[in-house]
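Participant: When you get a sec, could you give me coordinates for this:
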Amino acid sequence: ITMNQHFVIQVWINQKQTGLPSPAHLSDAIAAAAVTPPFAAAVNQVFVPKKNHATHVLQEGDHIELIVPVTGG
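Facilitator: Numbers count the residues shown, from 1 in each chain. Down below sits the predicted model:
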């Protein structure tokens with residue numbers, strides 16, 4: 001096995017199991033979910049600020065919630 005070989009990790013995005021190439025960041029999960037702003041992101045029930053989405057490394061089995069605000073009356 002070479003060091004540059006990519007592995008797939010399994011994470012949960014809004015209760016849906018998803019495979020992402022490792023190393024995976026929160027921004028990769030957001031792209032995979034195709035969610036459009038505005039939204040809030042949490043990993044394992046911990047809010048992750050937008051400025052950290054590209055640097056937050058995901059681990060096998062992480063639970064990602066992408067919360068889109070609902071408007072209306």
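Participant: Only C-alpha atoms from now on, for both contacts and neighbour counts.
Facilitator: Noted.
Participant: Can you report how many residues lie near residue 73?
Facilitator: 3 (other Cα atoms under 10 Å).
Participant: same thing with residue 45?
Facilitator: For residue 45, using other Cα under 10 Å, the count is 11.
Participant: quick one, what contacts it?
Facilitator: 63-65 (Cα atoms under 8 Å, 6 or more residues apart in numbering).
Participant: ditto for residue 8
Facilitator: Neighbouring residues of residue 8 by Cα under 8 Å, 6+ apart: 19-22.
Participant: quick one, what contacts the spatially most central residue of the chain?
Facilitator: Centroid check for the chain by Cα atoms, centre = their mean gives residue 29 as the closest residue, at 3.2 Å. With contact set as Cα under 8 Å, 6+ apart, residue 29 has these partners: 13, 20, 64.
Participant: for these, which one is nearest residue 36?
Facilitator: Distance to residue 36 across the contacts of residue 29 (Cα to Cα) is lowest for residue 13, with 14.4 Å.
Participant: hang on, the closest one packs against residue 63?
Facilitator: Yes - with contact defined as Cα atoms under 8 Å, residue 13 reaches residue 63; the gap is 6.2 Å.
Participant: Which residue ranges of the protein form strands?
Facilitator: 7-13, 16-22, 40-43, 46-47, 63-67 (DSSP state E).
Participant: Out of those strands, the one nearest residue 57 is which?
Facilitator: Residue 57 lies closest, by Cα to Cα, to one member of the strands of the chain: strand 16-22, at 9.3 Å.
Participant: Pull the residues that contact that closest one.
Facilitator: If you take Cα under 8 Å, 6+ apart as the criterion, strand 16-22 is touched by 6-12, 28-29.
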